[in-house]
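Student: What follows is a predicted structure for the sequence shown.
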Amino acid sequence: MEELEAWEDLSNIPADPPVMRELCENCKRPSVVCWCSALPPERLNPESKIILLQHPAEEKRCLRTAPMLQLGLAENKCLIFKGKKFPQPKHENLEEILLHPNTLLLYPSKAAIDIKDLDYEATFYNIVLIDGTWPQAKAIYASSPILHIIKQVKLTVSNASNYIIRTQPTEGCLSTLETAAEALSQLERNSIYRQQLVEPLHMLCKFQLDNGAVTHQSKEFLIKTKTYPKLIGKRLSKLLKSTN
């Protein structure tokens, strides 16, 4: 009898799915953690374009900065292509963009020159960034020979990343959003990109910190202070030695 009553109780459980949190139509995040109010008052419209080569795993991260960049810039000023090597047949017009003489690859190779030392002869640039972790970025670069023939530039910045809720490999590493904003500010000679594009990131970090998140030091800092909780691999060890 008790068993029958238990089954009757189960049969009365409503089959409707649980109520999902309301999502912002713009950023697609839950409305309570939406950062759209921190976007530029008007979408910024630089002469140059940002081209993101995004590793597929990056799209699954809930705390990512590429959407902030895409929504902060005018339409078609931030193009995102997904994959582990580039270009592929599905990447419409990407090969043409990568082979354009005004295209720059932001990648810290030995051949890269400081973006500040670039001869600003063009009125616009296609600024290519690889969006992913450092190992993912290296793998994409290695598997995409076309990237090796693009003029390579790097950023030299003294400020630390504002993305303080995510661990960066070294002290000088910036998020995708910060890198793009700094590059645009220097190439367009206008600090508005540096000032306005990163505001959603500040808002995101503040919300996370107010709700229990903690600030993250870089792996480089933690290793130097002997507080990093894991063994480091040869690749990271080599990278840290090269920055000293």
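Tutor: Arrived safely.
Student: can you pull the contacts of the residue nearest to L73 when sequence neighbours are not counted?
Tutor: Excluding its sequence neighbours, the residue lying closest to L73 (CB to CB, 6 or more residues apart in numbering) is L44, at 5.5 Å. No exception for glycine: its C-beta is placed from N, CA and C like everyone else's. L44 is in contact with 72-74, 77, 192-193, 196-197, counting by CB atoms under 8 Å, 6 or more residues apart in numbering.
Student: cutoff 7 Å now
Tutor: 72-74, 192-193, 196-197 (CB atoms under 7 Å, 6 or more residues apart in numbering).
Student: same question, Q70
Tutor: With CB under 7 Å, 6+ apart, Q70 has these contacts: 78, 80.
Student: Would you agree it falls within a helix?
Tutor: Yes - judged by DSSP: H, G, I helix; E, B strand; the rest coil, Q70 forms part of a helix.
Student: okay, it: pLDDT?
Tutor: Q70 is assigned a predicted lDDT (pLDDT) of 95.
Student: now L52: how far from K151?
Tutor: Taking CB to CB, to the nearest Å as the measure, L52 falls 18 Å from K151.
Student: Apologies, that question was intended for I113.
Tutor: 8 Å.
Student: Over to H91?
Tutor: Per CB to CB, H91 is found 20 Å from K151.
Student: do W134 as well
Tutor: Separation of W134 from K151 (CB to CB) stands at 21 Å.
Student: Could you do N102 as well?
Tutor: Applying CB to CB, the value for N102 to K151 is 9 Å.
Student: Overlap in contacts, the two.
Tutor: Counting by CB under 7 Å, 6+ apart, N102 and K151 have no common neighbour.
Student: which of L52 and K151 has more neighbours?
Tutor: Ranked by neighbour count (other CB atoms under 10 Å), L52 and K151 place L52 first, with 21 against 15.
Student: Double-check that that one belongs to a helix.
Tutor: No - secondary structure of L52 (three-state DSSP): strand, not part of a helix.
Student: residues in contact with it?
Tutor: 66, 78-81, 129, 131, 176.
Student: 10 Å instead?
Tutor: Counting by CB atoms under 10 Å, 6 or more residues apart in numbering, L52 touches 58, 66, 69-70, 78-82, 127-132, 176, 180.
Student: Sitting in strands, which of those do you find?
Tutor: 78-82, 127-131 (DSSP state E).
Student: hmm, which two among those residues are most spread apart?
Tutor: Maximum pairwise distance among the ones in strands among the contacts of L52 (CB to CB): 17.9 Å, between K82 and I127.
Student: how about the strands in the protein?
Tutor: With DSSP E as the criterion, the chain has strands spanning 49-54, 78-82, 103-106, 113-114, 126-131, 151-154.
Student: Pull up the gap between L104 and Q186, please.
Tutor: Separation of L104 from Q186 (CB to CB): 11 Å.
Student: higher neighbour count, those two?
Tutor: Between L104 and Q186, counted using other CB under 10 Å, L104 has the larger neighbour count: 24 against 19.
Student: Just grab the bridge partners of the more buried one for me.
Tutor: Beta bridges link L104 to I127, K151 when assigned by DSSP bridges.
Student: ok now do it, which residues does it touch?
Tutor: Neighbouring residues of L104 by CB under 10 Å, 6+ apart: 48, 51, 112-113, 115, 118, 122, 125-129, 150-153, 183, 187.
Student: Quick one, which of the residues you listed are buried?
Tutor: Buried members of these, scored by 16 or more other CB atoms under 10 Å, are 48, 51, 112, 115, 122, 125-129, 150, 152-153, 183, 187.
Student: and S31, how many residues sit next to it?
Tutor: S31, neighbours per other CB under 10 Å, totals 12.
Student: wait, what's in contact with the residue nearest to H91 when sequence neighbours are not counted?
Tutor: Distance criterion CB to CB, 6+ apart; nearest residue to H91, sequence neighbours excluded, is F81 at 4.8 Å. The contact partners of F81, by CB under 10 Å, 6+ apart, come to 51-54, 87-88, 90-94, 97-98, 128, 131.
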